[in-house]
Structures are given as C-alpha cells and as structure tokens.
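Student: Just to be clear, the model below is a prediction. Sequence and coordinates:
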Amino acid sequence: MAMGGVPRRGHGRRRAPMAEINVTPLVDVMLVLLIIFMVTAPLLVAGVPVNLPDSRAKPLEQQQKPVQISLDTAGKLYVDDVETPMAGLASKLASLPHGADAPQIYLRADRSLDYGRVMQVMGEISRAGLTKVALVTNEAQEPK
C-alpha cells in the first residue's frame, strides 16, 4: 500500500485521491465507548443497595417516573437516592404534586428491617395524601 499519489507527468495534473479509509481510530474509539458503557451500566440500576423480599406479584405499568423511597439495612431513608432524615420526609412529600398529577411512590425496604419502621414511612406517605404507593420486591422463583 503506497502512501503517495500517482506520479506526475505534467505540471497541470493533481494527485489522485486516496481510495482507502483508515478505520483503526474508529475501532479504537468504539472499543473505549463499549468499555465505558459496560462499566457504568450496572451502576445505573439502583442507587441504594437494598435486599428486597421475594414476591410472585406482576410488575406495575407506569406512565411517568415514580418517586423511589428506600430504606437500607441500617434503616437510613433515601428519597430518589438522596439520603433524607425521617423528620424531613414530610416536607419532601409535601413538595410533590397531589391529586390527579400525584406520582407513583415506590417503597423499597430491606427484608431485614423491622415492620414498624416500614409502616412508619408508609404512615408519612399516607399522611401527605399520596395514595399511589407500591411496595417493590424481587421476583420469586417458582418452587421445583
């Protein structure tokens, strides 16, 4: 593969254009992007690690982005992946739209938590007037 053009025979002729495309830089960039997506994709699944209980319920259909309230193993409360004290939950919930525009609330609680702690959060959600609440679980495996 010669890098130069066609030899000149006169002063008025130009070099012929190179008819080959070097794809090596394109492949390098695509491989780097592939690695970046492979590393970041698992991090986008859930921001708060919660060991969810199993259930055989079907997934819910949704039209808009739900508000996720999570309780981790230590009992820390998160609203959309932002740690929130229990005292601040009422003000966060009051700032959400109410009525027909009220968002779906997904409550994710670790299976090792006390039932009373989960019900305390459910009480705050109910007191704020939000009625579209779903408890998030893992899909249970069929017994063999």
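Tutor: That came through fine. Residues are numbered from 1 along each chain as shown.

Student: need the contact list for residue 77.
Tutor: Shown here is residue 77, whose contacts under the criterion C-beta atoms under 8 Å, 6 or more residues apart in numbering are 69-71, 83-86, 89, 121. All C-beta spots, glycine's among them, are computed from the backbone N, C-alpha and C.

Student: repeat that for 6 Å
Tutor: Taking C-beta atoms under 6 Å, 6 or more residues apart in numbering, we find residue 77 in contact with 71, 84, 86.

Student: List only those of those residues flagged as buried.
Tutor: Neighbour counting by 16 or more other C-beta atoms under 10 Å classes 71, 84 among the contacts of residue 77 as buried.

Student: Let me have the contacts of residue 77 in a markdown table, extended by pLDDT, distance to residue 137 and secondary structure.
Tutor: As requested, the contacts of residue 77 are arranged in a markdown table below (pLDDT from 0 to 100; distance: C-beta to C-beta, whole Å; DSSP: H, G, I helix; E, B strand; the rest coil):
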| residue | pLDDT | distance to residue 137 | secondary structure |
| --- | --- | --- | --- |
| 71 | 85 | 13 | strand |
| 84 | 83 | 22 | coil |
| 86 | 84 | 23 | helix |
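
Student: mind listing the strands for the protein?
Tutor: For the chain, the strands defined by DSSP state E occupy 54-55, 67-71, 77-79, 82-83, 105-109, 133-135, 138-139.

Student: now the ones you listed as JSON lines including distance to residue 125?
Tutor: Compiled in JSON lines, the strands of the chain are given as follows (distance: least, C-beta to C-beta, whole Å):
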{"stretch": "strand 54-55", "distance to residue 125": "19"}
{"stretch": "strand 67-71", "distance to residue 125": "7"}
{"stretch": "strand 77-79", "distance to residue 125": "11"}
{"stretch": "strand 82-83", "distance to residue 125": "16"}
{"stretch": "strand 105-109", "distance to residue 125": "6"}
{"stretch": "strand 133-135", "distance to residue 125": "6"}
{"stretch": "strand 138-139", "distance to residue 125": "21"}
